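**Student:** Sharing a sequence plus its predicted fold:
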Amino acid sequence: MAADGMAMDPVLSVRNLSLEFVTRRGVLRALNEISFDIARGEVLGVVGESGAGKSLTGTAIIGLIDKPGRLSGGEIWLKGQRIDNIGHDGLRKIRGRRIGMIFQDPLTSLNPLFRVGDQIAETILTHMPVSKAEARTRALALLTEVGIPAPESRIDAYPHEFSGGMRQRVVIALALAAEPDLIIADEPTTALDVSVQAQIITLLKRLCRTRGTSVMLITHDMGVIAETADRVAVMYAGRIVEIGPVADVIRHPKHPYATGLMGAIPALGAKVQRLTQITGAMPRLNAIPAGCAFRPRCTVAIGKCAEAVPPLVPVGATSARCWLHDAQVERSTSHG
Amino acid sequence: MFAFAIRSLAQGVLVLVTVAFIAFSMFRFVGDPVVNMLGQEATQQDRQELTERLGLNDPWPIQFVRFLGDAAQGEFGVSYRQGRKVSDLIKERLPATLELAVLSAIFATGLGVLLGVYAAINRTGFVSNVIMTTSLIGVSLPTFLIGIGLIYIFAVELRWLPSFGRGEVVRLGWWSTGLLTESGRKSLILPVLTLGFFQLTLIMRLVRAEMLEVMRADFIRFARARGIADRAIELRHALRNTLIPVVTIAGLQLGSVIAFAIVTETVFQWPGLGALFVNAVQFADVPVMSAYLMFVAAVFVIVNLTVDLLYFILDPRLRSGRRVAKGH
């Protein structure tokens, strides 16, 4: 990959990951040869429409795929250790300890019957050899760090006594409790008020920067990606169609789908009559067309697009999965 | 919470007064107590005297208030048939019924929760399937049939356990208990199993269904993502959330176990309140019937109050309505 110059040893390395759902009516392939790296301290944004496989990728990395889903190929490496084949108990020791997770809805992420301090302390005690008193002290420090006002009294409060934004802060404290190397944040701000969203993203970014924690930020909010991410992966129908540094993907997207996505971002101040719209909808898993999955909606499709799935090839600063670029490469090489 | 407790209490009292009114009306509609008490040889004068003495010439609201006052003190008059005070009869029979019902309830809820949790955690295992199939039998077979079946197996064929009665009982003050003698304990086993079996299967199926539901909740997924051990997730996080709806049903079931032990008591000739009531119905013994009605109502009211208070212990969301404002 083009952007691999930035780190010798990625924190997370996903190689050709595929995931299938075995159903009565056949096997559905939900993820197809997903490959990417996340370097230490890096924020990788993952964008795409609902159903593109963003959340599924995050869930697969942390090993929480429910049946009938199953990994059907590929490897996941965490700091040089392969983690996709280490079994239930091995994974459990990695979850929370080395990979923290933040879910979309803070209102339902916390157990309503337990005090927030106890839930944080529980996570710490599960993963670290500390005393109960020590765990509580750490929980208090975490609550302070995520900006809960009057943490000394709030530590013994129940989740329902917090607002949505405050609860998401608690969830962030929980995800960071055992000092993980990587945080997978699955749409962490979608369920929040717009005014609170920015605060939460800023907080997450600051905490991860000071700790050197890498972040996989799953969202469909390009604004959040633009502000927060170092690199961005664009997903479509279970594949990564473009991946590269965030500035390049936003300003010069190479894949027609990415181009369409960027065109759909309203810019402040710019006088635009209409935002670009990608016509049609993403195909269902059981009806993905042969060749490039985006072809039916693509305005610049060529004959080859119907024949084969394009490979992910470097195009300038980013990599894209599109025959247009491959054709150009071919043409230029055959002429030269 | 205090206001809530007061409100529940007030509702309970309202229920009791309503039931008391029904119990009171029974005296007016089921037979004539004067005829019942005096028999055929009495003169007109005897009748008038007794009517006056029983206060039956007063207007009914005054009679009702008097009935309420007496009932509050546990006095329901004299049994038509046995000629003894109803309060004494009840006092005599209460220990047998309570012992049976409480043990059944402990058996049913204890084992029911245990098996329900097991069946929910090991959803597809062989043992779980056996449990679930057996529970279907428990839910669908009528209590008297289970009782008779148990008597046939354990009393008639195997001769391990007695088929009727309480065995030897020990008196502790006015209370009599069968728990202190071997024959008393042996006599308890079959009735307890019979009375508790239906509740056991019901609670078990309920716990299993609720727990499977809770295990799909987001906070369980998040707990997994935090790396919490499976056992801790199942027994701490999921079970406690499961218990909230279960407490309601189990509480109401407990009430009905105490109140409607009639069938089991009849099958096993258990000298409890149920048997007393069945006899009273046969002889139109209105004071005993109305006392039993009040007793059942009181049991349900007390159980409901307890359930309401248990909610507060289990669910913090109810406890701290006032502090919510601070969080926003």
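**Tutor:** Arrived safely, thanks for sending. Numbers count the residues shown, from 1 in each chain, chains lettered A, B, ... in the order given.

**Student:** Near chain B, which residues of chain A? Just list them.
**Tutor:** A:62, A:64, A:92-97, A:100-101, A:103, A:105, A:108-115, A:122-123, A:126-127, A:157-158, A:160-163, A:166, A:171, A:174-175, A:177-178 (C-beta under 8 Å from any C-beta of the partner chain). (Glycine included, C-beta is placed from N, CA and C.)

**Student:** Secondary structure element holding residue 20?
**Tutor:** I went with chain A, as the question did not name one. strand A:12-23 (DSSP states H and E).

**Student:** Chain B is the one I meant
**Tutor:** Assigned by DSSP H and E, B:Ala20 belongs to helix B:2-29.

**Student:** helices and strands around that helix, which ones?
**Tutor:** helix B:60-72, helix B:286-314 (3 or more C-beta pairs under 8 Å, 6 or more residues apart in numbering or on different chains; DSSP states H and E).

**Student:** The longest one vs chain A: in contact?
**Tutor:** Yes: using C-beta under 8 Å from any C-beta, a contact is recorded between helix B:286-314 and chain A, made by B:Leu314.

**Student:** Show me what secondary structure element comes after that helix.
**Tutor:** helix B:316-319.

**Student:** Work out the gap between the helix or strand containing B:Glu52 and the centre of the chain.
**Tutor:** For B:Glu52, the element it lies in under DSSP H and E is helix B:44-53. Remark: helix B:44-53 is offset 40 Å from the chain centroid, using C-alpha atoms, centre = their mean, to the nearest Å.

**Student:** and it, what does it pack onto?
**Tutor:** Secondary elements touching helix B:44-53 (3+ C-beta pairs under 8 Å, 6+ apart): helix B:33-38.

**Student:** Next, A:Arg167: secondary structure please.
**Tutor:** Here A:Arg167 is recorded as helix under DSSP: H, G, I helix; E, B strand; the rest coil.

**Student:** Excluding chain neighbours, what is closest to it?
**Tutor:** A:Pro106 (3.9 Å; C-beta to C-beta, 6 or more residues apart in numbering or on different chains).

**Student:** ok, that neighbour - contacts?
**Tutor:** Contact analysis of A:Pro106 by C-beta atoms under 8 Å, 6 or more residues apart in numbering or on different chains lists A:164-165, A:167-168, A:170-171, A:191-192.

**Student:** Just give me the closest of those residues to B:Ala120.
**Tutor:** For these, the closest approach to B:Ala120 (C-beta to C-beta) belongs to A:Val171, at 26.3 Å.

**Student:** Enumerate every residue touching the residue in chain A positioned nearest to chain B.
**Tutor:** As assessed by C-beta to the nearest C-beta, chain B sits closest to A:Gly96 within chain A, at 3.1 Å. Applying C-beta under 8 Å, 6+ apart to A:Gly96 gives the contacts A:123, A:126-127, A:175, A:177-178, A:180, B:225-228.

**Student:** Widest-spaced pair of these?
**Tutor:** A:Pro180 and B:Ile228 (14.4 Å).

**Student:** Now for chain B: which helix has the highest residue count?
**Tutor:** For chain B, the helix with the greatest residue count under DSSP state H is helix B:86-121.

**Student:** Which residue is it, in chain B, that comes closest to chain A?
**Tutor:** B:Gly227 (3.1 Å).

**Student:** thinking that residue is in contact with A:Gly100, fair?
**Tutor:** No: the pair B:Gly227 / A:Gly100 is not scored as a contact, 9.3 Å apart, by C-beta atoms under 8 Å.

**Student:** shared neighbours, these two?
**Tutor:** With C-beta under 8 Å, 6+ apart, B:Gly227 and A:Gly100 have common neighbours A:Ala178.

**Student:** Pick out whichever of these two has more residues nearby.
**Tutor:** The residue with more neighbours, out of B:Gly227 and A:Gly100, is A:Gly100; 29 against 24, by other C-beta atoms under 10 Å in any protein chain shown.

**Student:** does that one really touch A:Ala175, like I thought?
**Tutor:** Yes: taking C-beta under 8 Å as the definition, A:Gly100 is a contact partner of A:Ala175 at 3.4 Å.

**Student:** any shared contact partners between those two?
**Tutor:** A:183, B:226.

**Student:** May I ask which helix or strand encompasses A:Met101?
**Tutor:** Going by DSSP H and E, A:Met101 is in strand A:99-102.

**Student:** how far is the very next helix or strand once past that strand from where the chain is centred?
**Tutor:** The helix or strand immediately downstream of strand A:99-102 is helix A:106-109, counting by DSSP H and E. Centroid separation for helix A:106-109 versus its chain: 19 Å, with C-alpha atoms, centre = their mean.

**Student:** again, but for stretch A:143-152
**Tutor:** 27 Å.

**Student:** next one: stretch B:187-194
**Tutor:** Using C-alpha atoms, centre = their mean, the offset of stretch B:187-194 from its chain centre is 16 Å.

**Student:** Identify the residues contacting it?
**Tutor:** Against stretch B:187-194 from outside (C-beta under 8 Å, 6+ apart): B:99-100, B:103-104, B:107, B:143, B:146-147, B:150-151, B:154-155, B:161-163, B:165-167, B:178-179, B:264-265, B:267-268, B:270.

**Student:** May I have it as PDB, with CA atoms only?
**Tutor:** What follows is stretch B:187-194 as a C-alpha-only set of coordinates in PDB (Å, rounded to 0.1, in the frame of the first residue of the first chain):
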ATOM      1  CA  SER B 187     -45.000 -36.000  55.000                       C
ATOM      2  CA  LEU B 188     -44.100 -32.600  53.600                       C
ATOM      3  CA  ILE B 189     -42.100 -33.800  50.600                       C
ATOM      4  CA  LEU B 190     -44.900 -35.000  48.300                       C
ATOM      5  CA  PRO B 191     -47.300 -32.100  48.900                       C
ATOM      6  CA  VAL B 192     -44.400 -29.600  48.500                       C
ATOM      7  CA  LEU B 193     -43.400 -31.100  45.200                       C
ATOM      8  CA  THR B 194     -47.000 -31.200  44.000                       C
END
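
**Student:** one step back: name the helices or strands packed onto the strand holding A:Glu20?
**Tutor:** strand A:26-38, helix A:54-62, strand A:69-78.

**Student:** Specify the angle between it and strand A:26-38 in degrees.
**Tutor:** Counting by axes from the mean of the first three to the mean of the last three C-alpha atoms, to 10 degrees, strand A:12-23 lies at 170 degrees to strand A:26-38.

**Student:** hmm, who's touching strand A:12-23?
**Tutor:** A:27-38, A:53, A:56-57, A:60-61, A:65, A:68-78, A:84, A:182, A:214, A:216, A:285.

**Student:** mind listing what A:Gln168 touches?
**Tutor:** So A:Gln168 contacts A:102, A:106, A:188-189, A:192, A:196, A:200 (C-beta under 8 Å, 6+ apart).

**Student:** which one among those gets closest to A:Arg138?
**Tutor:** Closest approach to A:Arg138 among these (C-beta to C-beta): A:Ile102, at 18.6 Å.

**Student:** quick revisit: so which of the residues of chain A next to chain B sit within strands?
**Tutor:** A:100-101 (DSSP state E).

**Student:** Is it possible to mark the buried ones in the contacts of strand A:12-23?
**Tutor:** Neighbour-count burial (16 or more other C-beta atoms under 10 Å in any protein chain shown) is assigned, among the contacts of strand A:12-23, to A:28-38, A:53, A:56-57, A:60-61, A:65, A:69, A:71-72, A:74, A:76-78, A:84, A:182, A:214, A:216, A:285.

**Student:** how about B:Arg123, secondary structure?
**Tutor:** Under three-state DSSP, B:Arg123 comes out as coil.

**Student:** which SSE is the residue nearest to it when sequence neighbours are not counted in?
**Tutor:** The shortest distance from B:Arg123 to any non-neighbouring residue, by C-beta to C-beta, 6+ apart, is to B:Leu212 (7.0 Å). Per DSSP H and E: B:Leu212 is located in helix B:182-215.

**Student:** Tell me if the helix or strand harbouring B:Val246 is near chain A.
**Tutor:** Using DSSP H and E, B:Val246 sits in helix B:239-259. Yes: using C-beta under 8 Å from any C-beta, helix B:239-259 reaches chain A at B:240-241.
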